[in-house]
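**Q** coords please:
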Amino acid sequence: MNPERARRLAVLLVALSTPALSGALSGQSTDPLSAAVQVYIDSLTHNSGIPGLTLGLALPDGTSRGFAAGWSDTTAHREMRATDRMLQGSVGKTYFGAVALQLVSEGRLDLDARLADYLGDEPWYHRLPNGDDATIRQLMSHTSGIVRYELNPVFLQDLTREPMRTWTAEERLAYLFGMEPPFAAGEGWDYSDTNYILVAMAVEKVLGTLIYDEIDRRLLGPLSLENTVRSDRPAVPGIVNGYGGPENPFGDFDETVSEGRLVFNPQFEWAGGGFASTTEDLAIWVRHIHEGRAFDPTLLDDFRTGTPAPLGPEASYGLGVVMMQLPAGTAWGHSGFMPGYRTEAYYFPDYGFALALQVNSSDRPAFDRPPLLLLSELAEIVSEQLGLGR
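**A** Coordinates of the predicted model:
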């Protein structure tokens with residue numbers, strides 16, 4: 001047995017023997033999978049600084065389950081529920097990317113066409129770094145050399161000063177105008193929300209409609225993802241409180257919700273994220289993506305053709321997907337961050353299931369180990385309970 005699996009099993013055994021945790025299962029489902037998962041996530045909130053979390057499973061037989069542990073609000077002592085929503089952060093890129101890939105299969109968007117072919121007539125376009133050369137494929141794979149607006153120090157100052165501001169696409173891009181790119185288009189890798197802002201703008205230019213409406217029509221409706229909603233305003237239905245911590249770079253706040261509304265406007269990220277959901281809905285979505293139901297499955301090879309990226313063990317980045325080798329096995333999916341929230345949503349092809357984990361804290365000291373490792377540990381529990389082998 002490898003050391004990581006032995007450590008995880010030891011933690012699980014301790015959790016199962018702890019009366020406070022095992023007692024939490026009284027009145028809940030007693031099937032072995034649900035029991036093992038519930039006890040383990042309860043142990044995470046008991047033994048770390050994590051306030052609360054939700055977990056979604058989308059299983060090989062087509063069923064799904066949702067779980068919750070800890071607090072959705074530590075001051076009001078409201079328990080987290082599986083039906084609570086959290087901001088997905090960058091995982092939202094997967095919806096915007098899926099619409100773009102649908103347009104590729106329809107012959108309305110070309111992965112290897114230059115972005116300038118779609119947006120080059122905009123009056124600001126000549127000021128965009130690498131704007132003359134970057135292609136749609138390079139934008140979706142973060143190889144365009146067009147850097148992040150969302151971590152620009154001037155943008156963060158402006159966001160802190162006006163947390164409820166509604167941003168136009170051009171206002172986001174303006175923080176980059178005239179900058180020197182870190183590398184020529186196609187000659188490096190650098191993660192950037194700006195890339196997906198530009199892809200979304202190209203999609204809207206092609207279709208003449210709002211991409212949020214297209215996501216509703218093409219994805220959320222047909223796939224019955226009823227618990228996934230836009231995070232394009234402070235009033236996000238069902239959002240739970242999050243905790244940004246004392247070093248939150250996106251504003252001078254710890255708690256993210258006041259009187260049922262976010263204390264900042266999440267609209268600032270748009271196509272860089274842009275959604276909130278339950279984790280059960282998110283796990284179902286991830287399984288749809290990787291089993292070929294989000295866009296033409298003949299594009300899955302392009303989707304999973306990756307560029308090496310410093311995002312995890314043996315990680316590479318495709319067209320809106322992170323691929324890596326976790327202790328639990330091969331994982332395909334995406335991670336997300338927004339102030340007060342962390343998200344991990346991955347499909348495990350060795351087993352045929354998807355897991356999504358959301359935590360209502362982005363405060364680094366709250367975690368005794370990375371959320372991605374927690375997801376991997378949970379994947380091992382699920383695979384063992386289902387009797388699945390690699």
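**Q** so where do the strands sit in the stretch 1-150 of the chain?
**A** 52-58, 64-73, 78-79, 86-87 (DSSP state E, counting those that start in this stretch).
**Q** Name the residues that touch the first one?
**A** Strand 52-58 is contacted by residues 37, 41, 44-45, 64-72, 79-82, 84, 86, 240, 278-284, 286-287, 353-360, 378, 382 when judged by Cβ atoms under 8 Å, 6 or more residues apart in numbering. No exception for glycine: its C-beta is placed from N, CA and C like everyone else's.
**Q** Taking those, please make a PyMOL selection of just the buried ones.
**A** A single PyMOL command selects the buried members of the contacts of strand 52-58 (16 or more other Cβ atoms under 10 Å):
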select buried, resi 37+41+44+45+64+65+66+67+68+69+70+71+72+80+82+84+86+240+278+279+280+281+282+283+284+286+287+353+354+355+356+357+358+359+360+378+382
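**Q** taking the contacts of strand 52-58 one by one, which sit in helices?
**A** 37, 41, 44-45, 279-284, 286-287, 378, 382 (DSSP state H).
**Q** From the opening residue of stretch 257-267 to its closing one, how far?
**A** 15 Å (Cα to Cα, to the nearest Å).
**Q** list the buried ones in that stretch?
**A** Of the residues in stretch 257-267, those buried (16+ other Cβ under 10 Å) are 257, 262-267.
**Q** wait, residue 274 sits on residue 233?
**A** No - contact criterion Cβ atoms under 8 Å: residue 274 and residue 233 do not qualify, at 11.1 Å.
**Q** show me where pLDDT drops low in the stretch 151-300 of the chain?
**A** Of all residues in the stretch 151-300 of the chain, none has pLDDT under 70.
**Q** how close does the nearest residue to residue 85 once chain neighbours are set aside sit to residue 257?
**A** Of all residues not flanking residue 85 in the chain, residue 238 sits nearest, at 4.1 Å (Cβ to Cβ, 6 or more residues apart in numbering). Relative to residue 257, residue 238 is positioned 11 Å away (criterion: Cβ to Cβ, to the nearest Å).
**Q** next one: residue 335
**A** The gap separating residue 335 from residue 257 is 22 Å, by Cβ to Cβ.
**Q** quick one on the thing from earlier: and the strands of the stretch 1-150 of the chain as CSV, adding distance to residue 315 and mean pLDDT?
**A** Below are these laid out as CSV (distance: least, Cβ to Cβ, whole Å; pLDDT from 0 to 100):
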stretch, distance to residue 315, mean pLDDT
strand 52-58, 22, 98
strand 64-73, 26, 97
strand 78-79, 35, 96
strand 86-87, 23, 98
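**Q** how about those in TSV, adding distance to residue 159?
**A** Listed next are the strands of the stretch 1-150 of the chain as TSV, based on distance: least, Cβ to Cβ, whole Å:
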stretch	distance to residue 159
strand 52-58	26
strand 64-73	24
strand 78-79	28
strand 86-87	15
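**Q** With residue 179 as the reference, name the closest of these.
**A** Closest to residue 179 of those, according to Cβ to Cβ: strand 86-87, at 27.8 Å.
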